[in-house]
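Peer 1: Can you look at this prediction? I've put the sequence above it.
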Amino acid sequence: MKNTNSLKKYLSLYGIYIAFAVLIIVMAILSPVFLKPTNLLNILRQTSINGIIAIGMTLVILTGGIDLSVGSILALSAVIATSFAHPGEHNIIVPLAAGLFVGLACGFVNGIIIAWNKIAPFIVTLAMMTIARGLALVYTNGRPVIDLSDTYNKIGSSYVIGVPFPVVIFILIILIGLFILKFTKFGRHIYATGGNEMAAKISGVNTKGVIIWVYSIAGLLSGLAGIVLSARVMSASPATGQGYELDAIAAVVIGGTKLTGGVGSIAGTIIGALIIGVMNNGLDLLNISSYWQLFAKGVIILLAVILDKKK
Amino acid sequence: MIIKKVFILLLFVSLIQCNRGEKKEYAYTIGISYQNLQNEFILNIQDEVRKKAKELNVRLIETEGQGKAENQISQVENFLAMDVDAIILNPFDKYGSAPVVSIAKREGKPIVVLNATVVNIDQANAYVGSDDSEAGRIAASYIGKLLNGKGNVVIIRGPNGHSAEIQRTTGIKDVLDKFPEIKVVFDQSANWDRAQGLNLMENWLGTGIEINAVIAQNDEMALGAYKAIEAAGKQDKIIVIGIDAISDALKAVKEGKLCATVFQDARGQGALAVEIAVKFLKGEQIEHFNYIPFQLVTKENLKDFQ
């Protein structure tokens, strides 16, 4: 009896990792191309943008919040960054700083309003979602920003010792995120705020500060993702990034982070993002209709939340 | 538990795979990335691509960008990993989808661009499609004629930055510039979408500004606009033209709801793209630009298009 219980517990704790391993094995059996190094790098590169956003989303969801504005912030950051990235105009630092600053600023506004006015994050970030999208369209007059410098485009297409640059950025962000959550006071405060905000406040956690910080970080990472994405497509359309909030939330939820806050991990989110990435890639390789891809993604999300509920 | 379910899902997926994976020797494998398979016009292209591929004994690997350039880049990376013989790209974004062509070029894979164009089209091996500015010119000229060169016109555009939107707008403006007494009173995008076209038109009608004609850059938006006009009871006062000649639009032309549409030969384009890719793989000479002309469809010549 006790044995089956511990097995169950083991499964619900590590189920997502086992499921990921099974997915990899099955894909490898079905497609001879799947395990080729170029394909594995493709998966990582294709996952990196969603992955970067999802890490910010994890912090937000850990505090019991949600951020619907990440896709629009991505677009606004991308169009503003690229508008400073035309060849021979500015040092590469300028577009990067501009893009990151815009992301950070939008996230900061989200955080301030949520923390000080106690309005539901869903509503605040929903508003920011259309505000940032609107600003992106106004800023560009609806036209894509094109003609970017080679240096800028390299962010999306170059390699560092054989690893695509977007993947390098993704890994760096993962390491920073893991470090913050595991080893810093701020990390512990994020969990505390999401676990029981009242209790956290009483025990001296500056919950308002924590909330402002996590939304700012989510915005900053969306800005970073916007830079990587625009460099990858060598242009920035104000319409880009639509629906990205859903992919990021999906990665977080599949990774076992509870939408009610307080429980979850970045490691889980990475696996969640990779599961989505492997599915998209694998189903492409297997020549399965994209209609099924959408279906399958939904099924996986459902399975993940059902599993989460059983914990 | 989740493992069991994932297993079932994968089993299910692999069954779908087995069903279609009949063992057969193909002459070539071609990977194709459509811009978006939730659009009747692109589905028409897909039908013909499939037919032609079957006829020429080509194995097709089909993907769609779901309206995102970055998805198309990922898909072409996947094609390269699979080592397909050639790639057909139906780009969503004139600029954003351009890296697809550069990547294929860098890896030495033949690439045919289909239906919409990209900025670096000269790097592709061939382009098959129609000159979208021609569609804009045909539509605007017909409206100019019906209005006797005088009146208020609204333009409903495709998604900003989409290559067809840019070129159709250019074509429309080129012609309207020649009619000094035609005024463009509104000009907005409805993203190829019928519901958005309807909303846009409702709002415009609500302003009370007189509108005599609607030039929509595709049929979906034209039909949406017509619905708004009908609801306002102004169907006898405002003429509507669309582009693409999808089946719904042909019906609407027959019923007199649309004054005309402009036929873009989806079927011809789809078939030709596969043909050209195969020709190239066989080492035969191919043209770089392969244009399939647009044609105006009115009540009079409707039966040729049904």
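Peer 2: Nice, I can see it.

Peer 1: Name the residues of stretch B:268-275 that are buried.
Peer 2: Within stretch B:268-275, the residues scored as buried using 16 or more other C-beta atoms under 10 Å in any protein chain shown are B:268-275. For glycine as for every other residue, the C-beta is placed from the backbone atoms N, C-alpha and C.

Peer 1: Contacts for the one helix or strand A:Ala248 maps to, please.
Peer 2: Using DSSP states H and E, A:Ala248 falls within helix A:244-254. With C-beta atoms under 8 Å, 6 or more residues apart in numbering or on different chains as the test, helix A:244-254 has contacts from A:16, A:49-51, A:53-54, A:56-58, A:61, A:66-71, A:74, A:129, A:225, A:259, A:264, A:268-269, A:271-273, A:275-276, A:297, A:300-301, A:304-305, A:308.

Peer 1: gap between it and the chain center?
Peer 2: 7 Å (C-alpha atoms, centre = their mean, to the nearest Å).

Peer 1: Toward the C-terminus, what is the element adjacent to that helix?
Peer 2: As assigned by DSSP H and E, the chain's next helix or strand after helix A:244-254 is helix A:266-285.

Peer 1: Residue 62: neighbouring residues, count only.
Peer 2: Since you didn't name a chain, this refers to chain A. Other residues near A:Leu62 come to 28 when the count uses other C-beta atoms under 10 Å in any protein chain shown.

Peer 1: if you could check chain B rather than the one you did, that'd help
Peer 2: 21.

Peer 1: and it, that's in a helix?
Peer 2: No. Counting by DSSP: H, G, I helix; E, B strand; the rest coil, B:Glu62 falls outside a helix, being strand.

Peer 1: Tell me the spatial nearest neighbour of it, not counting adjacent residues.
Peer 2: B:Ile32 (5.5 Å; C-beta to C-beta, 6 or more residues apart in numbering or on different chains).

Peer 1: My read is that A:Ile119 contacts A:Gly111, right?
Peer 2: No. With contacts counted by C-beta atoms under 8 Å, A:Ile119 stays clear of A:Gly111, the gap being 11.7 Å.

Peer 1: And these two? Which one has more around it.
Peer 2: Per other C-beta under 10 Å, whichever of A:Ile119 and A:Gly111 has more neighbours is A:Gly111, with 27 against 12.

Peer 1: any idea how far that one is from A:Asp247?
Peer 2: 22 Å (C-beta to C-beta, to the nearest Å).

Peer 1: buried residues in the helix holding A:Ala248?
Peer 2: A:244-245, A:247-254.

Peer 1: For those, please prepare TSV with the additional fields pLDDT.
Peer 2: Below are the buried residues of helix A:244-254 laid out as TSV (pLDDT from 0 to 100):
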residue	pLDDT
A:Tyr244	94
A:Glu245	95
A:Asp247	93
A:Ala248	96
A:Ile249	95
A:Ala250	94
A:Ala251	95
A:Val252	95
A:Val253	92
A:Ile254	91
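
Peer 1: neighbours around residue 306, how many?
Peer 2: As the question left the chain open, I've gone with chain A. A:Ile306, neighbours per other C-beta under 10 Å, totals 12.

Peer 1: Oops, wrong one, chain B.
Peer 2: By other C-beta under 10 Å, the residues close to B:Gln306 number 11.

Peer 1: Surely it and B:Lys251 touch.
Peer 2: No. In this structure, B:Gln306 is not within contact of B:Lys251 by C-beta under 8 Å, at 9.0 Å.

Peer 1: Can you list the residue ranges for helices in the chain?
Peer 2: The chain I'm using is chain A. A:2-30, A:37-62, A:70-83, A:93-117, A:121-140, A:150-157, A:165-183, A:185-195, A:197-202, A:207-233, A:244-254, A:266-285, A:290-310 (DSSP state H).

Peer 1: The chain in question should be chain B.
Peer 2: B:2-20, B:40-55, B:69-82, B:98-106, B:132-146, B:163-176, B:194-206, B:219-231, B:247-254, B:266-281.

Peer 1: ok so, going back, pLDDT check: weakest of the buried residues of stretch B:268-275?
Peer 2: Lowest pLDDT within the buried residues of stretch B:268-275 is found at B:Gly268 (90).

Peer 1: list the contacts for that residue?
Peer 2: So B:Gly268 contacts B:48, B:292 (C-beta under 8 Å, 6+ apart).

Peer 1: and if you look at the one 5 residues further on?
Peer 2: For B:Ala273, the residues meeting the contact criterion (C-beta under 8 Å, 6+ apart) are B:49, B:88, B:112, B:114, B:128.

Peer 1: Compute the distance between B:Lys257 and B:Glu230, please.
Peer 2: In terms of C-beta to C-beta, B:Lys257 sits 8 Å off from B:Glu230.

Peer 1: More neighbours: which of the two?
Peer 2: Neighbour count, other C-beta under 10 Å: between B:Lys257 and B:Glu230, B:Lys257 has more, with 17 against 12.

Peer 1: how's chain B carved up into domains?
Peer 2: B:27-130+B:265-293, B:132-263 (automatic domain parsing).

Peer 1: Could you give the separation between the terminal residues of stretch A:232-240?
Peer 2: For stretch A:232-240, the first-to-last residue distance is 12 Å (C-alpha to C-alpha, to the nearest Å).

Peer 1: what bridges to B:Ile239?
Peer 2: B:Ala213 (DSSP bridges).

Peer 1: just checking, it touches B:Ala213?
Peer 2: Yes. Contact criterion C-beta under 8 Å: B:Ile239 and B:Ala213 qualify, at 4.8 Å.

Peer 1: Could you pull out the residues contacting both of the two?
Peer 2: Any residue near both B:Ile239 and B:Ala213 by C-beta under 8 Å, 6+ apart counts here, and that gives B:143, B:146-147.

Peer 1: from those, which is closest to chain A?
Peer 2: Checking the shared contacts of B:Ile239 and B:Ala213 against chain A with C-beta to the nearest C-beta, the nearest one is B:Ile143 at 23.5 Å.

Peer 1: Burial check on the closest residue to the closest one other than its chain neighbours, number of neighbours?
Peer 2: Nearest residue to B:Ile143, sequence neighbours excluded (C-beta to C-beta, 6+ apart): B:Ala213, at 4.9 Å. Other residues lying near B:Ala213 total 22 when counted by other C-beta under 10 Å.

Peer 1: Then the one 5 residues further on?
Peer 2: Residue crowding around B:Asn218 was assessed by other C-beta under 10 Å; the count is 32.

Peer 1: Please apply the same query to the one 5 residues further on.
Peer 2: Counted with other C-beta under 10 Å, the burial measure for B:Leu223 works out to 23 neighbours.
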